[in-house]
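Student: Predicted model, plus sequence, below.
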Amino acid sequence: KHDCPNFVLLWAMLSEKELSYCMARGVLTVHYRVKMFFFATQVLSRFSEAGSVVVVAHPAPPIQPPPPPRLFPLAGPVIKAEVGDTIQVTFANKASWPFSIQPHGGLYRKPWEEAPYQDGSFYLLKNGASIKPFGNFTYLWVLPPHVGPTASDPPCLTWMYSSAVDPTKDINSGLVGPLLICRPGTLNERNKSPGQHQHFYLLFGVFNENLSWYLNTNRKYLKYTLGKEELFDDHIFKESNRMHGMSMYPIWGMEAKISQFRRGGWRSCGNLRKQTNFTAEAKVWLVRASQHTINGFLFGNLPLLDTCKGDTISWHLLGFGSETDVHGVAFQGNTILMNGMRRDTTSLFPHTCATALMQPDNQGTFDVYCQTSNHYQNGMRGSYSVRQCGEEAYFPGRQDGTVRTFYIMAEEMEWDYAPDRSWESGRHNSSGEESYGDIFLNHENGRLGSRYKKAVYREYTDGTFKTPKNRTDAEQHLGILGPFIWAEVGDVLNIVFRNNATQPYSIHAHGVLEKNHRDSKTAMPGEIVTYQWDVPERSGPGPNDSACLSWIYYSTVDRVKDLYSGLVGPLKVCRKGTLDSNGRRKGVSKEFALLFLVFDENQSWYLEENVKIYIQGDWNRSHQQDEEFMESNKMHAINGKVYGNLPGLEMCEGDWVNWYLLGMGQEIDVHTVHFHAETFIYRNGKSYRADVVDLFPGTFEMVEMQVGNPGTWLLHCHVADHIHAGMETLFTILPRQEDPVEASEENISHDIVLFGSRLDHGHVEAAIITLAVAGVVLFITASALLGVIIHLKRQKRLRRNKRSILDESFKLMRSQKHDL
């Protein structure tokens, strides 16, 4: 007896015999449509210099493959289908190695699983797990509702398919492509989604040719003097084969949720969590110097991505690869909205994905690039253009606020990362040669030590640049950072910048709308340049953000060398009415901005000067390439200080504190910021509590904390070698004073002493409202009691009067009776 499922798409759970029986009974007939795709693999030679495997689409059983897409030449074809469809893929393997096709998101039966592994099931041999060269196979994938968009999802979700015979080698050989699953009714008869805005698909990944099936084949294109074995073991050769690529293609790609549906043993893929899933495509190019490409194009040579001002653009982002694939995808000139939060950069890692929505309001040509320093240096950047296509669109919150002017100078100074080593020695219970910090702080044995010449941003009182603006106690924690620039939505920021350094520099910010960004001048030494930054609504917090956003500014003459030379600072943008006249957030006692960055002094403009000034003894230029010397110049700093040397992180018990946390740098700048003894609230539509923040290159976060545990506590990056290298400091929570104390000028606008307790404006307002309500209740209660007392007295008086009347009447009656 067969039990046929009511839901037609559960046919994948049936055996062949059960399936035939149910179809014969008419249970499985015309309830779904079959979409057929015909695929073949072929070896593709790019410029006749390197071989790679790619998936090529055929409109019918393989005859002649069509040319690859202009922007996405190596990826497989796009598979589009709707919930309720069945996808039939006929796969012909024309390559010289066994391959397969395995989808994410689609439902398939165990015999058709495309990955060979021991899972304890009956199907030890899966028919579709390995298609031999010149073989073919037909896959059937069904799309039940749990793999499609939910009510809160966009119309289509992006999944991916790839070969799974050897997942590492197959993908590095080029076998990967996109799978799109849409709501019913989204696609028309031509398999298009009419009425949708423009979508761009981006892939970030390091493709390792050393792990390709075609490494031996590609060596015939090389001219080398080493033997084969020596060549393949050479570290320079291996590094040259790691292609840092970013692929871009106009296509749908949205968020997807993995759902439990089938019983049995299945291979897992990392952490199962809700993520935005995107299709990945491997770019395999020449076996030569490492190429960080966008679709095989370096340094902005990707064909321009054209958009219209005011349109809604969907950017679909995917990361995959190895431990080097730490990407900060940055969009110059405009901001993006992700899960209701405003950003212009998002982080990607292997097999993590993201969807970003943009409504560009800034006309021009802009970069889209990887914020990770070494990826940017090696060319992982492209461009997109925004042009006026119709009537001027309205963008709220522009130029209806205050014009705020900041006078900032770039000046050179000696910077000491660790003026005091006592805390480091005590913390790690070591000293001298045994100290973890010795390699970074010891200036002997050909090392620079803790002092370096650097360039920094500093604020001045006016445009004469004669009087520096002294930092208050609340600003001492900024360290090497420039001044804390602030604005509300609708404001205009005028940045008057003077370059008093010996190198050309500039100052540019994330998040803001910068006027004439392409014509923005570089300030030569001694020159003054004024920049205008508009702060429209799209620069401020999104609907799921907190009241203030964390941004960053830095010099972009050379993004990498300028940053490591020291030119960087914080910027906050808040909702209208959030800040007081001094730029402090109302209802918040303290605000701290912290940059977690490994300052690579080897990439500073001042390395050679520092060598001349601080190296003791004989020195040879060849020493600059010494690994130990280069490691000693990587300062794992918080605001430019290591091993607890950052001052100013002081607050009082009960204070509300905002932490603006900034991440920049390269692949090693993966930081987990941990607050000892305290927790914070992170807002993403709802409030979440944690005590660790993840920071990556291009990550800017703001968290809120109400401190309540007096003492001195550790604040540090929890990556083990970063702890040893000094990325740690202290913050102090002072006990709340019981007796009222005289408020300093700095805190007068923040705190009010009420009943012996110091309260901020927000708490004072709540206290006053509470007292007012209590007063009204007490007044009503007292009035009621008074009324009751008056009523009782009147009743008593009436009873007394009645008794008196009765007595008089009784006496009168007795008198009359006596007379008778």
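Tutor: That came through fine. Numbering: from 1, shown residues only.

Student: who's T345 bridged to?
Tutor: Beta-bridge partners for T345, by DSSP bridges, are A330.

Student: What residues sit buried inside whatever helix or strand I495 lives in?
Tutor: With elements taken from DSSP states H and E, the one containing I495 is strand 492-499. Buried positions in strand 492-499, judged by neighbour count with 16 or more other C-beta atoms under 10 Å: V492, L493, I495, V496, F497, R498, N499. For the C-beta atoms, the positions are set from N, CA and C on the backbone; glycine is no exception.

Student: Just send those residues back as TSV, with pLDDT and distance to I485 too.
Tutor: Below are the buried residues of strand 492-499 laid out as TSV (pLDDT from 0 to 100; distance: C-beta to C-beta, whole Å):
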residue	pLDDT	distance to I485
V492	96	13
L493	97	7
I495	97	8
V496	98	12
F497	98	12
R498	98	16
N499	98	17
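
Student: after the strand holding I495, next one along is what?
Tutor: Past strand 492-499, the next helix or strand by DSSP H and E is strand 508-509.

Student: Note down every partner strand of that following strand and its orientation.
Tutor: Here, using DSSP bridges, strand 508-509 pairs with strand 548-554 (antiparallel).

Student: could you check the angle strand 492-499 makes with the strand it pairs with?
Tutor: Orientation note: strand 548-554 sits at an angle of 30 degrees relative to strand 492-499 (axes from the mean of the first three to the mean of the last three C-alpha atoms, to 10 degrees).

Student: Rounded mean pLDDT for strand 548-554, please.
Tutor: Averaged across strand 548-554, pLDDT comes to 97.

Student: returning to that earlier point: what residues does the strand holding I495 touch?
Tutor: 399, 401-410, 460, 463, 465, 485, 487, 505-507, 512, 523-535 (C-beta atoms under 8 Å, 6 or more residues apart in numbering).

Student: Report pLDDT for F320.
Tutor: 77.

Student: If you tally nearby residues, what's the number for it?
Tutor: 24 (other C-beta atoms under 10 Å).

Student: cool, G84 as well?
Tutor: The number of residues near G84, taken as other C-beta under 10 Å, comes to 17.

Student: follow-up on the earlier one: can you list the strands that the strand holding I495 pairs with?
Tutor: So strand 492-499, judged by DSSP bridges, has these partners: strand 403-416 (parallel), strand 528-534 (antiparallel).

Student: Out of those, flag the one nearest E591.
Tutor: strand 403-416 (16.8 Å; C-beta to C-beta).

Student: The strands paired with strand 492-499: which one's closest to S163?
Tutor: Closest among the strands paired with strand 492-499, once you apply C-beta to C-beta, is strand 528-534, at 47.9 Å.

Student: Alpha carbons of the closest one, in PDB - could you do that?
Tutor: The C-alpha coordinates for strand 528-534 follow below in PDB (Å, rounded to 0.1, in the frame of the first residue of the first chain):
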ATOM      1  CA  ILE A 528      44.500  75.200   2.300                       C
ATOM      2  CA  VAL A 529      41.500  73.500   0.700                       C
ATOM      3  CA  THR A 530      37.900  73.700   1.600                       C
ATOM      4  CA  TYR A 531      35.600  70.700   1.300                       C
ATOM      5  CA  GLN A 532      31.800  70.700   1.500                       C
ATOM      6  CA  TRP A 533      30.000  67.700   2.800                       C
ATOM      7  CA  ASP A 534      26.200  67.600   2.700                       C
END
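
Student: For it, buried residues please.
Tutor: Quick answer for strand 528-534 (16+ other C-beta under 10 Å): V529, Y531, W533, D534.

Student: one step back: among the buried residues of strand 492-499, which two are most distant?
Tutor: Longest span within the buried residues of strand 492-499, C-beta to C-beta: V492 and N499, 22.6 Å.

Student: Phi, psi for H316 please.
Tutor: phi -110, psi 120 (degrees, to the nearest 10).

Student: can you put the strands paired with strand 492-499 in a markdown table and add distance to R585 and mean pLDDT?
Tutor: What follows is the strands paired with strand 492-499, written out as a markdown table (distance: least, C-beta to C-beta, whole Å; pLDDT from 0 to 100):
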| stretch | distance to R585 | mean pLDDT |
| --- | --- | --- |
| strand 403-416 | 16 | 98 |
| strand 528-534 | 20 | 96 |
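
Student: Export those strands as a markdown table, with columns for distance to T312.
Tutor: Putting the strands paired with strand 492-499 into a markdown table (distance: least, C-beta to C-beta, whole Å) gives the following:
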| stretch | distance to T312 |
| --- | --- |
| strand 403-416 | 30 |
| strand 528-534 | 21 |
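
Student: ranges for the helices of the chain?
Tutor: Using DSSP state H, the helices of the chain run over 16-24, 167-173, 215-218, 228-233, 235-240, 373-377, 422-428, 438-441, 559-565, 607-614, 627-632, 720-724, 761-819.

Student: so what pLDDT did the residue lying closest to F599 once chain neighbours are set aside get?
Tutor: Nearest residue to F599, sequence neighbours excluded (C-beta to C-beta, 6 or more residues apart in numbering): M635, at 4.4 Å. You'll see M635 listed with a pLDDT of 98.

Student: Would you mind confirming that M635 makes contact with S604?
Tutor: No - under the criterion of C-beta atoms under 8 Å, M635 makes no contact with S604, lying 10.4 Å away.

Student: From E444, how far off is F629?
Tutor: 12 Å (C-beta to C-beta, to the nearest Å).

Student: More neighbours: which of the two?
Tutor: Neighbours per residue (other C-beta under 10 Å) separate F629 from E444, with F629 holding more: 19 against 10.

Student: list the contacts for the more buried one?
Tutor: Contacts of F629 by C-beta under 8 Å, 6+ apart are G446, R447, H623.

Student: ok, the second one - contacts?
Tutor: Remark: with contacts taken as C-beta under 8 Å, 6+ apart, R447 is in contact with I439, I615, F629, S632.

Student: Now do the last one against H443, distance only.
Tutor: Looking back up the chat, that one is S632. S632 is 9 Å from H443, by C-beta to C-beta.

Student: Looking at these two, which one has more neighbours?
Tutor: S632 (22 against 14).

Student: ok, the closest residue to G583 other than its chain neighbours - how many residues close by?
Tutor: Distance criterion C-beta to C-beta, 6+ apart; nearest residue to G583, sequence neighbours excluded, is W486 at 4.0 Å. When neighbours are defined as other C-beta under 10 Å, W486 has 22 of them.

Student: wait, what's in contact with W486?
Tutor: R404, L571, K572, V573, C574, L579, G583.

Student: contacting residues around the second one?
Tutor: Contact analysis of L571 by C-beta under 8 Å, 6+ apart lists F484, I485, W486, A487, A509, H510, G511, V512, S550, W551, I552, Y553.

Student: Where does the prediction get shaky in the stretch 301-450 of the chain?
Tutor: Along the stretch 301-450 of the chain, the parts satisfying pLDDT under 70 run over 301-302, 393-399, 428-434.

Student: can we see that at 90?
Tutor: Across the stretch 301-450 of the chain, the ranges flagged by pLDDT under 90 are 301-305, 310-326, 337-340, 348-357, 374-375, 377-383, 389-401, 421-438, 442-447.

Student: Walking through it, point out its strands one by one.
Tutor: Taking DSSP state E, counting those that start in this stretch, the strands of the stretch 301-450 of the chain run over residues 305-308, 313-320, 327-331, 336-338, 341-343, 345-348, 352-358, 364-370, 381-387, 403-416.

Student: In JSON lines: those, plus distance to V598.
Tutor: Below are these laid out as JSON lines (distance: least, C-beta to C-beta, whole Å):
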{"stretch": "strand 305-308", "distance to V598": "32"}
{"stretch": "strand 313-320", "distance to V598": "21"}
{"stretch": "strand 327-331", "distance to V598": "14"}
{"stretch": "strand 336-338", "distance to V598": "26"}
{"stretch": "strand 341-343", "distance to V598": "23"}
{"stretch": "strand 345-348", "distance to V598": "16"}
{"stretch": "strand 352-358", "distance to V598": "22"}
{"stretch": "strand 364-370", "distance to V598": "17"}
{"stretch": "strand 381-387", "distance to V598": "22"}
{"stretch": "strand 403-416", "distance to V598": "15"}
